[in-house]
Each structure stands twice: as structure tokens, then as C-alpha cells.
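> Structure for this input, please:
(2 chains)
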Protein chains: 2
Amino acid sequence: MSNIVFIATSLDGFIAGKNNEIDWLESVPNPDNLDMGYSKHMENIDALIMGRNTLELVLSMDCEWPYSKHVFLLSNTLKEVPEELKGKVSLVAGDLAFLVQNLKNEGYSNLYIDGDLTIQSFLKQDLIDDMIITTIPILLGGGIPLFGQLDKQLEFRCTHSEVFSNGISQNHFKRFKPSQE
Amino acid sequence: MSNIVFIATSLDGFIAGKNNEIDWLESVPNPDNLDMGYSKHMENIDALIMGRNTLELVLSMDCEWPYSKHVFLLSNTLKEVPEELKGKVSLVAGDLAFLVQNLKNEGYSNLYIDGDLTIQSFLKQDLIDDMIITTIPILLGGGIPLFGQLDKQLEFRCTHSEVFSNGISQNHFKRFKPSQE
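Residues are numbered from 1 along each chain as shown, chains lettered A, B, ... in the order given. Model (predicted):
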């Protein structure tokens, strides 16, 4: 049972540029059409948790609904999901630890935690177990950082590291608590 | 002939914590006494370039002078190096591209560029060729970032990626310019 982050950042740790742009995510050519672990990750998870901004970003992309797994939409303001998303997206709110426990009780063991603010909220409550971080090797020089302020340090261990043929790297980090050693 | 960065950052990209602390750099146990590429890197370089803050940090550590290669100290204010460092450290100043060219002409081909401000100054002028970044897998939640603002994006490619037995990872990045493809 894991809460998993799977996200790409720039070499300087941003998930979007100074003007919110994400075109650089596709700027490194990918002639071999590598999926860089995405399908495997999506098979491994039971549901997604994201915030409204991330959902809106997904909807703004001119493509079909991309998720085969259920999406839990974190929102304290939305009253219901748009008609066309019913059955695919459910609204959730409130305390994250309680929410996660409820979802696990319902059989959603592995949760894909997506979106910078959602990830930061989970990290603030030490609710992230695994992070698979793909590094697009570009220095943007500014933007929206993946990680935010934390009151206490969180220790991880890198368990796997890989360079793809296009020069993009990926590192897997697992939450480490001293009692596990 | 390369200008090379070899540095450790936290998982969230900091080289020092909120209060300038660097104790977390040693917080991941290293029972196998791995040097994580440091000796090889030091053999590969011909000289170091650093700023005054980095030199002062090195001097504040209660240890012998750690460098077998010459150190060029970037400073526009210092008039001379302290007596005990003469022969080991030379003062340099002025335009970085010009400085680098002069050092290369003198036979210093591979330069180790160290210290956050010095690295940032070199990156601003697109003078970094290689970066070997060791990731200490800790989220500090705030601190002094390795990378700073840039006016234009800089593209790199990851050429090597490795996890050490203690869960620390290291990624090598090489500056990529489209004409090289």
C-alpha cells in the first residue's frame, strides 16, 4: 500500500516554467517513443488523487480522457463533478490521512498522487511513500517548483536510477524511516 | 577542456539548509566508505575555481588543506591571499569567459567550478560543460538552492546515472547544444 508520486521536473526542480509553460517537457526528442515507465506505473496504481488545477490542465489538453483508473478530485469548494466526468472522477475533501485510510479500506491500495500542490500537501503530512522523478535535463532558470516548504525534513533512499536513450534520467525514491533499518 | 560542477544537493535541490547548515550532507550512513566519484573527479581536473564563501567554508572545517590541485579564488574585493594559502590559492577577477580562456591557455584544461554563487555565475554565461550532481535523498523543506535565475534555458543531457549502496544517487549531465546532434 503506497502513495506514489510520478512526475517530471526540470533539472532545476520546476514542474512548470515562469509563465506556467510546460512545452519544455516535450523538448527533448524521444525518437524511440519511450514511455519512461508511465504504463508500468499506471498498471501499478489503483486510483489517482489530484487537485482541481491538475484536472483542469488535463482537461485543457486536446485529447481523450487519459486515465483508466478512478480519479479522486481533492476540492473543498466544488460541489459536484462536471456531467461528462461522472463515473470517472469523484470529489473528496477533508483530512488527507483520513481520506487515504478510507480509500485503502475501500481497496485502493496504491494511490498516484499528482499535481504540485497536492504532492506538497501530502509531503507536509508525511503521506508519500514513493517518488519516481523523471528529470528533463533543462535548466529553466525559474518557474513553479515541485517541492515546497516543510516544517521537518523527510528522509528517502534512492532505490533505482536510470538514464534513457534520449538523455532523460529517472530516479526512484522510497521514504525511509530509521526504524526500518 | 571542460568546466565541471561536482556537487551534492538535497532531493529538493538545496546545497545548504535554511540556517546554512550542511550536517545533512553526512546524514545518510556510508558504511562502505564510498567516495562517490570524488577521487576520480579530482584526478580529472587541473584546477578549481571558487568564491570567497566557499573558501571560507573549506577553511572553517577542522581539517588539512584538502586540494592537491591549484585553487583560483574569484574575488573582486580581496587584495591578496592569506599568507598560509600562498602557493595553493591565487586571486582572479573580472570577466569569467576571459578568465577561463586565460586559464585554458595556461594549460588548466579541466576546471572544477565550485560554490553556489560561482556555479550560478558560470551558468548565467553558459560556461558550464558538465555537472555531476549527487542527490542526498532528503527533503530539507527550504534552504539555499544550487540553481538560480537564468535569462535563457540551458539544455543538458544525462549521460550517466547511478545509485550507490547507501541510497544516494548521482547523475551526470553534459551541456547539449543542438548543433552537436
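> what residues does stretch A:158-174 touch?
A:28-32, A:34, A:36-37, A:129-137, A:156-157, B:11, B:135, B:137, B:156-163, B:167-171, B:176 (Cβ atoms under 8 Å, 6 or more residues apart in numbering or on different chains). To be clear about C-beta, it is placed using only N, CA and C from the backbone, and glycine gets the same treatment.
> Check stretch A:98-106 too.
Applying Cβ under 8 Å, 6+ apart, the contact partners of stretch A:98-106 are A:1, A:3, A:47, A:49, A:72, A:92-93, A:111, A:127.
> Could you rerun that using 7 Å?
The contact list for stretch A:98-106, computed with Cβ atoms under 7 Å, 6 or more residues apart in numbering or on different chains, reads A:1, A:3, A:47, A:72, A:92, A:111, A:127.
> Now, those that are in strands?
A:3, A:47, A:72, A:92, A:111 (DSSP state E).
> May I see the ChimeraX selection of the buried members of the contacts of stretch A:158-174?
In ChimeraX, this line selects whichever of those come out buried by 16 or more other Cβ atoms under 10 Å in any protein chain shown:
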select /A:28,36,37,129,130,131,132,133,134,135,136,137,156,157 /B:11,135,137,156,157,158,159,161,162,163,167,168,169,170,171,176
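> among the ones in strands among the contacts of stretch A:98-106, which two are most distant?
Using Cβ to Cβ, the ones in strands among the contacts of stretch A:98-106 reach their maximum pairwise distance at A:Asn3 and A:Val92, which is 13.8 Å.
> Looking at those two, which is more packed in?
Set A:Asn3 next to A:Val92 and count neighbours by other Cβ atoms under 10 Å in any protein chain shown: A:Asn3 wins out with 24 against 17.
> How about the contacts made by the most centrally placed residue in chain A?
Against the mean C-alpha coordinate of chain A, by Cα atoms, centre = their mean, the closest residue is A:Asp114 at 2.9 Å. By Cβ under 7 Å, 6+ apart, the contact set of A:Asp114 is A:48, A:50, A:54.
> Spit out the contact partners of the nearest residue to it once chain neighbours are set aside.
The shortest distance from A:Asp114 to any non-neighbouring residue, by Cβ to Cβ, 6 or more residues apart in numbering or on different chains, is to A:Met50 (4.4 Å). For A:Met50, the contacting residues are A:71, A:73-74, A:114-115, A:118, by Cβ under 7 Å, 6+ apart.
> Report pLDDT for A:Met50.
As predicted, A:Met50 sits at a pLDDT of 97.
> which residues does it bridge with?
Taking DSSP bridges as the rule, A:Met50 bridges to A:Leu73, A:Asp114.
> gap between it and chain B?
As judged by Cβ to the nearest Cβ, to the nearest Å, A:Met50 and chain B stand 20 Å apart.
> What count of nearby residues applies to A:Gly115?
Using other Cβ under 10 Å, A:Gly115 has 22 other residues around it.
> does it really touch A:Leu55, like I thought?
No. In this structure A:Gly115 lies outside contact range of A:Leu55 using Cβ atoms under 7 Å: 8.3 Å.
> Which residues of chain A lie near chain B?
Neighbours of chain B within chain A, by Cβ under 7 Å from any Cβ of the partner chain: A:11-13, A:24, A:123, A:135, A:137-142, A:147, A:149-151, A:153-163, A:167-169, A:171, A:173.
> Sitting in strands, which of those do you find?
The strands, defined by DSSP E, take in A:135, A:138-139, A:154-163, A:169, A:171, A:173 from the residues of chain A next to chain B.
> Now the helix or strand encompassing A:Leu99: buried residues?
Counting by DSSP states H and E, the element that carries A:Leu99 is helix A:96-105. Residues of helix A:96-105 classed as buried by neighbour count (16+ other Cβ under 10 Å): A:96, A:99-100, A:103.
> between the worst-scoring helix or strand of chain A on mean pLDDT and strand A:47-51, how many degrees?
One helix or strand of chain A scores below all others by mean pLDDT, DSSP states H and E: helix A:52-60, with a mean of 92. Here helix A:52-60 runs at an angle of 110 degrees relative to strand A:47-51 (axes from the mean of the first three to the mean of the last three Cα atoms, to 10 degrees).
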